[in-house]
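K.L.:
Everything below, folded, please.
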Amino acid sequence: MTTPAFRCLLVGCLLLAGIARAHAADVEPQPRADQSWPQWRGPDNNGISKAKNLPTEWSADKNVAWKLALPGKGSSTPAIWGNKIFLTCEEGEKVLLLCIGTDGKQKWKRDLGAAMRSGRADEGNCASPSPSTDGKNVYVFAGNGEFAAFDLDGKELWRFNAQKRYGKFRNQFGIHSTPVLFESRLYFQLIHDGAAVVVCIEAKDGEDVWKVERKSDGTDENKHSYASAFLWTNGKDAYLVCHGNDYATAHSLKDGGEIWRMGDLNPRDRYNRTLRFVASPVCTPDLIVVPSAKRGVIAAVKPDVKGKIMADSKQLQWRNTSGTPDVPCPLVYDGLVYLCGEAGGLTVLDAKSGEQVVRHKTHGHRHRASPVYADGKIYLLARDGTATVVGAGKDGKVLATNKLPDDTAASIAVAGSRLYVRGYKHLWAIEEKQ
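P.N.:
You can find the predicted model right below:
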């Protein structure tokens, strides 16, 4: 016979177990690193996936698991967690967040407000920043300034408009900067004629943690940065790297204080008043590679640098006066730096010295998407739907050139055994068919 005290203890344990199960049901199981693509540049925010058995060749009728017609165009990269895919697009005069299953069927969509003017006639629009997810919620920022969080079933958790909070957007080609999610906070930069700020907000409620002014002596179009902030971390320490208005800067995650500043990316002795930054830096545990624009300066530093870093600084790992990509971000993997040119071509540099190792001739067309590494291959994607696949490494060669009947500006996302190619007309799931 049980005692009253024992029965009370049993009931309490059952209640606690029920609460734990209910809480667990609110969070999607943590997928393996090779099965998720939680933000623009992947699991480690560097364009690298551990996925295997990925396709090398595809076309409209080869190795396509499915394609889903989209309600309108956009260039945001999908965020993927478990069996859910999140991406933004425009539909008529609205911006939308879509949730799509990995079976190719739409689960839900949410309104992100009115679309503003397009950034460029045939590519950028309010659906350029990419969403991110932590497996519990999805966070989305649109070019009209709407910033919102939803749970994975589409319930809105919070929302605000960045133009009302931080100042009206004033730039030439729209806002395309993607916030970065790290631990329990979101970090982002807004650099344009109306403001130049670096901001940290709480992911749980969207409230500001800190906001700092990002000063610069840049002028004219250079005030319009289209780059995104990125997190550097070695697993122990971390800081934020921002890019635009002639400088790359590193900021403390605690209060936004500036740690280092790289200059001479737009040299004063030949100052270019239209050298706006689009490509973002890439941050690895032991090297940060900083692009500029229009085939200009590209430089690299060790992450432990401090203070002001100019062209003659001994803190530079290396600095090349030409060869930067204009729009695609650099990619660093296994001691090599991969640079995708705006008009095609893949240049491979030695990560320690910055010296060119090899240059591949690839599809000659505009490239907006950033290169991705997965399964021993580098994937490049051009605006006309043509993807070039190059073997990674010093001896790598062009393995395939693949064409889809779609316009493509978003970077490829990788999850499981699939490549997800987001076009203006369709979302494509590419998978090797056995």
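K.L.:
What residues sit buried inside stretch 275-285?
P.N.:
Within stretch 275-285, the residues scored as buried using 16 or more other Cβ atoms under 10 Å are 275-284. In short, each C-beta sits where N, CA and C put it, glycine included.
K.L.:
Then stretch 64-73?
P.N.:
For stretch 64-73, burial by neighbour count (16+ other Cβ under 10 Å) applies to 64-65, 67-68, 70, 72-73.
K.L.:
how about a markdown table for the buried residues of stretch 275-285, with secondary structure, distance to Phe147 and pLDDT added?
P.N.:
A markdown table is the format used below for those (DSSP: H, G, I helix; E, B strand; the rest coil; distance: Cβ to Cβ, whole Å; pLDDT from 0 to 100):
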| residue | secondary structure | distance to Phe147 | pLDDT |
| --- | --- | --- | --- |
| Leu275 | coil | 28 | 96 |
| Arg276 | coil | 23 | 96 |
| Phe277 | coil | 22 | 97 |
| Val278 | coil | 21 | 96 |
| Ala279 | coil | 23 | 97 |
| Ser280 | coil | 19 | 98 |
| Pro281 | coil | 23 | 98 |
| Val282 | strand | 25 | 98 |
| Cys283 | strand | 23 | 98 |
| Thr284 | strand | 28 | 97 |
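K.L.:
per-residue pLDDT, Thr2?
P.N.:
Listed pLDDT for Thr2 reads 51.
K.L.:
now swap in Arg117 and tell me
P.N.:
70.
K.L.:
quick one: it from Gly124, how far?
P.N.:
As defined by Cβ to Cβ, to the nearest Å, Arg117 lies at a distance of 10 Å from Gly124.
K.L.:
Look at the two and report which has more neighbours.
P.N.:
For Arg117 versus Gly124, neighbours defined as other Cβ atoms under 10 Å are more numerous around Gly124 (22 against 10).
K.L.:
Kindly tell me how buried the residue found closest to Tyr333 once you drop the neighbours it is linked to in the chain is, as a neighbour count.
P.N.:
Leaving aside its chain neighbours, Tyr333 sits nearest to Tyr373 (4.7 Å; criterion: Cβ to Cβ, 6 or more residues apart in numbering). A count of neighbours around Tyr373, defined by other Cβ under 10 Å, yields 23.
K.L.:
Give me the phi and psi angles of Tyr373.
P.N.:
Backbone geometry at Tyr373, expressed as degrees, to the nearest 10, gives phi -110, psi 140.
K.L.:
ok, back up a step: out of the buried residues of stretch 64-73, who's nearest Gln106?
P.N.:
Here the nearest of these to Gln106, counting by Cβ to Cβ, is Leu68; it sits at 7.0 Å.
K.L.:
Test my guess that the closest one contacts Gly104.
P.N.:
Yes - applying Cβ atoms under 8 Å, one finds Leu68 in contact with Gly104, separated by 5.1 Å.
K.L.:
between those two, what contacts are shared?
P.N.:
Common contact partners of Leu68 and Gly104 (Cβ atoms under 8 Å, 6 or more residues apart in numbering): Leu427.
K.L.:
Quick one: the strands in the stretch 201-350 of the chain, in order.
P.N.:
Using DSSP state E, counting those that start in this stretch, the strands of the stretch 201-350 of the chain run over residues 208-213, 230-233, 238-244, 247-251, 258-262, 282-284, 287-290, 298-301, 307-309, 316-320, 331-333, 336-340, 346-350.
K.L.:
same question, the stretch 1-150 of the chain
P.N.:
Under DSSP E, counting those that start in this stretch, the stretch 1-150 of the chain gives strands at 64-69, 79-81, 84-91, 94-101, 106-114, 132-133, 137-141, 146-151.
K.L.:
Mind putting those into JSON lines with mean pLDDT and distance to Arg295?
P.N.:
Converted to JSON lines, the strands of the stretch 1-150 of the chain look like this (pLDDT from 0 to 100; distance: least, Cβ to Cβ, whole Å):
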{"stretch": "strand 64-69", "mean pLDDT": "98", "distance to Arg295": "35"}
{"stretch": "strand 79-81", "mean pLDDT": "98", "distance to Arg295": "31"}
{"stretch": "strand 84-91", "mean pLDDT": "97", "distance to Arg295": "30"}
{"stretch": "strand 94-101", "mean pLDDT": "98", "distance to Arg295": "33"}
{"stretch": "strand 106-114", "mean pLDDT": "97", "distance to Arg295": "35"}
{"stretch": "strand 132-133", "mean pLDDT": "98", "distance to Arg295": "31"}
{"stretch": "strand 137-141", "mean pLDDT": "98", "distance to Arg295": "30"}
{"stretch": "strand 146-151", "mean pLDDT": "98", "distance to Arg295": "34"}
